[in-house]
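Novice: Next comes the sequence, and after it the predicted model I'd like to discuss.
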Amino acid sequence: MKTTVEIDDELLKAAKKAAIDEGVTLRELVEDGLRHRLALHRANERVRGWGKPGNASREDLYASDAWKLLDDLERAAERMSRKRAAT
């Protein structure tokens, strides 16, 4: 899907340079960044509810998909490392 986003000029320059350095497209870099940020947001939402009535306990969090999010982040980091090494 296409969208228009206003980004600070210096931030965009830095992102373009990072994408080149990592051997990925700007789109891949931005999508990866958004995925990481959303995964952290979901994890933080779960952690905030620990121990509150009606919310997940710490044990529930460990048994839930929280570990899947961490695994996804680890795999994404490994992919980026492999792409950098291949260039």
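Specialist: Now that the structure is in, tell me what you want to look at.
Novice: Helix or strand with the lowest mean pLDDT in this structure?
Specialist: helix 58-63 (a mean of 62; mean pLDDT, DSSP states H and E).
Novice: Distance from the very next helix or strand once past that one to the middle of the chain?
Specialist: Moving toward the C-terminus from helix 58-63, the next helix or strand (DSSP states H and E) is helix 66-86. Remark: helix 66-86 is offset 10 Å from the chain centroid, using C-alpha atoms, centre = their mean, to the nearest Å.
Novice: For helix 66-86, enumerate the helices and strands it packs against.
Specialist: When contacts are defined as 3 or more C-beta pairs under 8 Å, 6 or more residues apart in numbering; DSSP states H and E, helix 66-86 packs onto helix 9-22, helix 26-48. Placement of C-beta: from N, CA and C, glycine included.
Novice: and the angle from the shortest one to helix 26-48?
Specialist: If I follow you right, that is helix 9-22. Orientation of helix 9-22 against helix 26-48 (axes from the mean of the first three to the mean of the last three C-alpha atoms, to 10 degrees) gives an angle of 100 degrees.
Novice: then helix 9-22 to CSV, C-alphas only?
Specialist: The C-alpha trace of helix 9-22 is given here as CSV (Å, rounded to 0.1, in the frame of the first residue of the first chain):
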residue,chain,number,x,y,z
ASP,A,9,15.0,15.9,6.2
GLU,A,10,18.0,14.8,8.3
LEU,A,11,16.2,11.7,9.5
LEU,A,12,15.4,10.7,6.0
LYS,A,13,19.0,11.3,4.9
ALA,A,14,20.2,9.1,7.7
ALA,A,15,17.7,6.4,6.9
LYS,A,16,18.7,6.4,3.2
LYS,A,17,22.4,6.1,4.2
ALA,A,18,21.6,3.3,6.7
ALA,A,19,19.6,1.4,4.0
ILE,A,20,22.5,1.7,1.6
ASP,A,21,25.0,0.6,4.3
GLU,A,22,22.8,-2.4,5.2
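Novice: From residue 33, how far out is residue 11?
Specialist: Residue 11 sits 11 Å away from residue 33, going by C-beta to C-beta, to the nearest Å.
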